[in-house]
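> sequence and predicted model, in that order:
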Amino acid sequence: MTADLSTSYLGMTFANPIVASSSPMTESMDALLALQESGIGGVVLPSLWEEQIEHEAMEMQRLYEVTADSFAESLSGYFPEYQDYATRTESYLAHLVEAKQALEIPVIASLNGTTRGGWTHYAKKIEEAGADALELNVYLIPTDPYASGRDVEKRYLDLVSAVRAEVSIPLAVKIGPYFSSLPNMARELVDAGADGLVLFNRFFQPDIDLESLEVVPRVSLSPRSALLLPLRWTGILCGQVQASFGITSGVHTAEDALKAILVGADVAMMASALLRGGADVVSTMLGEIQQWLDEHEYDSIEQMKGSMAIGSSANPDAFVRANYMKILTTYTSQVS
């Protein structure tokens, strides 16, 4: 009998733990259908950004005010209603509706923001459009030297509370690792309303163009080594924080996904490998995951989930200082 690959994430059942994370790969219906055909467990749509929502709102208000002041005809219906204009937000909601109609797998929408504000009411619109869950991607780079760590944490918690107040669907929060006490922050995020945590957001670093003397973006796809950080922290948090966990960054192969499950992740999210290899990567991974489970006599994904987390591990110190010390004391220099 073959092992059961199904997993529970955010209170929903996924046919398997492989999920396409938010990326250009989930922006087109053709790509989404190809992912479903390949056997993907679920998809996260690209993010709708706080800046996009607020910019559109300001532009529409400005246009309305300028036109209303300039043309007498506007008083008698010259100016079209606000909702008649096709905007980025409306296109996003239309894409979500289309995806839900066409796909049989869970569809998770994504909001990307950093402040508590009026834009958060789009979470409700996303719920009304049919999203199975919402991933809140908090991409916050503190720059104020007078803002304390607690000030920054409060912004996260206020934002999660604001979005949670808008929706009843499951809410996952995608965060970075840069907190002085990640376990405490994870617990507080759950208390604020998060049903799950996605570890970790990749903070892309700006570069300098020496010819134009401008700051420029440099996008690089994640290497497999990026998996190590979320592996460690998921293994530490699993069992201590009552939430669903998704691992993202560095998931490229079946081995990577299996490691994610062993430390307690409910799903392994991937983007870079899909952008490089296309949807066919998924079917290959699922076959290899199935083979590994069968060879190691596991009945299901759920049976192995979290079996190597810190609370279940025979060597919990491997997650903390002992592993660090062992690496440094056993490394042999190749320089003669």
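Happy to help now that I have it.

> use CA for all of it now, contacts and neighbours both
Will do.

> any stretches of the protein with poor pLDDT?
Judged by pLDDT under 70, the chain has its weakly predicted residues at 57-86, 313-314, 318, 321-329, 331-336.

> swap in 80 and give it another go.
Along the chain, segments meeting pLDDT under 80 span 1, 55-87, 203-205, 219-220, 313-336.

> helices along that one, start to end?
Using DSSP state H, the helices of the chain run over residues 29-38, 50-70, 88-102, 122-128, 149-166, 182-192, 228-237, 254-262, 272-277, 280-295, 301-304, 321-330.

> dump the ones you listed into TSV; add distance to Glu135 and mean neighbour count as well.
Listed next are these as TSV, based on distance: least, CA to CA, whole Å; neighbours: other CA atoms under 10 Å:
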stretch	distance to Glu135	mean neighbour count
helix 29-38	18	17
helix 50-70	14	14
helix 88-102	13	16
helix 122-128	10	20
helix 149-166	10	18
helix 182-192	13	18
helix 228-237	17	22
helix 254-262	19	23
helix 272-277	19	16
helix 280-295	22	17
helix 301-304	23	18
helix 321-330	32	10
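
> closest to Asn315 out of those?
Among the helices of the chain, the nearest to Asn315 by CA to CA is helix 321-330 (9.4 Å).

> residues contacting Leu5?
Contact analysis of Leu5 by CA atoms under 8 Å, 6 or more residues apart in numbering lists 15-17, 290, 300-301.

> and for Ser212?
When the contact criterion is CA under 8 Å, 6+ apart, Ser212 has no partners at all.

> now it: how far from Leu171?
Counting by CA to CA, to the nearest Å, the separation of Ser212 from Leu171 is 42 Å.

> tell me how many other residues crowd Thr217.
Quick fix: residue 217 reads Pro, not Thr. Counted with other CA atoms under 10 Å, the neighbours of Pro217 add up to 12.

> ok, the residue lying closest to it once chain neighbours are set aside to Arg218 distance?
Ranked by CA to CA, 6 or more residues apart in numbering and with sequence neighbours excluded, the top spatial neighbour of Pro217 is Pro206, at 4.9 Å. The gap separating Pro206 from Arg218 is 6 Å, by CA to CA.

> do the same with Asp151
Applying CA to CA, the value for Asp151 to Arg218 is 29 Å.

> same question for Leu182.
From Leu182 across to Arg218, the span is 28 Å (CA to CA).

> cool, and Phe203?
Phe203 is 11 Å from Arg218, by CA to CA.

> next up, the contacts around Leu171.
Leu171 makes contact with 10, 133-136, 164, 193-196, according to CA under 8 Å, 6+ apart.

> Gly264 too?
Shown in contact with Gly264 (CA under 8 Å, 6+ apart): 234-235, 238, 245, 305-309.

> and the closest residue to it other than its chain neighbours, how far is that from Pro230?
Nearest residue to Gly264 in three dimensions, chain neighbours excluded: Gly306, at 3.6 Å (CA to CA, 6+ apart). According to CA to CA, Gly306 and Pro230 sit 14 Å apart.

> okay, and which of the contacts of Leu171 map to strands?
In this view, these that belong to strands under DSSP state E are 133-136, 196.

> which among those end up buried?
Buried members of those, counted by 16 or more other CA atoms under 10 Å: 133-136, 196.

> distance to Asp256 for these - can I get that in CSV?
Converted to CSV, these look like this (distance: CA to CA, whole Å):
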residue, distance to Asp256
Ala133, 24
Leu134, 25
Glu135, 22
Leu136, 24
Gly196, 20
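
> was I right about Leu45 contacting Ser22?
Yes: counting by CA atoms under 8 Å, Leu45 sits close enough to Ser22 to count as a contact (5.1 Å).

> what about the lengthiest strand in the chain, distance to the chain center?
For the chain, the longest strand by residue count, based on DSSP E, is strand 42-49. Counting by CA atoms, centre = their mean, to the nearest Å, strand 42-49 is centred 8 Å from the centre of its parent chain.

> tell me what that strand is packed against?
Using 3 or more CA pairs under 8 Å, 6 or more residues apart in numbering; DSSP states H and E, the elements in contact with strand 42-49 are strand 18-20, helix 88-102, strand 107-112.

> let's see it at 7 Å
Contacts defined by 3 or more CA pairs under 7 Å, 6 or more residues apart in numbering; DSSP states H and E place strand 42-49 against strand 18-20, strand 107-112.

> list the buried ones in it?
Residues of strand 42-49 classed as buried: 42-49 (neighbour count, 16+ other CA under 10 Å).

> quick one: strands adjacent to it?
strand 18-20 (parallel), strand 107-112 (parallel) (DSSP bridges).

> looking at these, which is buried most?
Of all the strands paired with strand 42-49, strand 18-20 has the most neighbours on average by mean count of other CA atoms under 10 Å, namely a mean of 28.

> picking up where we left off before, dump the contacts of Leu5 into CSV; add distance to Asp4 as well.
Listed next are the contacts of Leu5 as CSV, based on distance: CA to CA, whole Å:
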residue, distance to Asp4
Ala15, 9
Asn16, 8
Pro17, 11
Gln290, 8
Ser300, 4
Ile301, 6
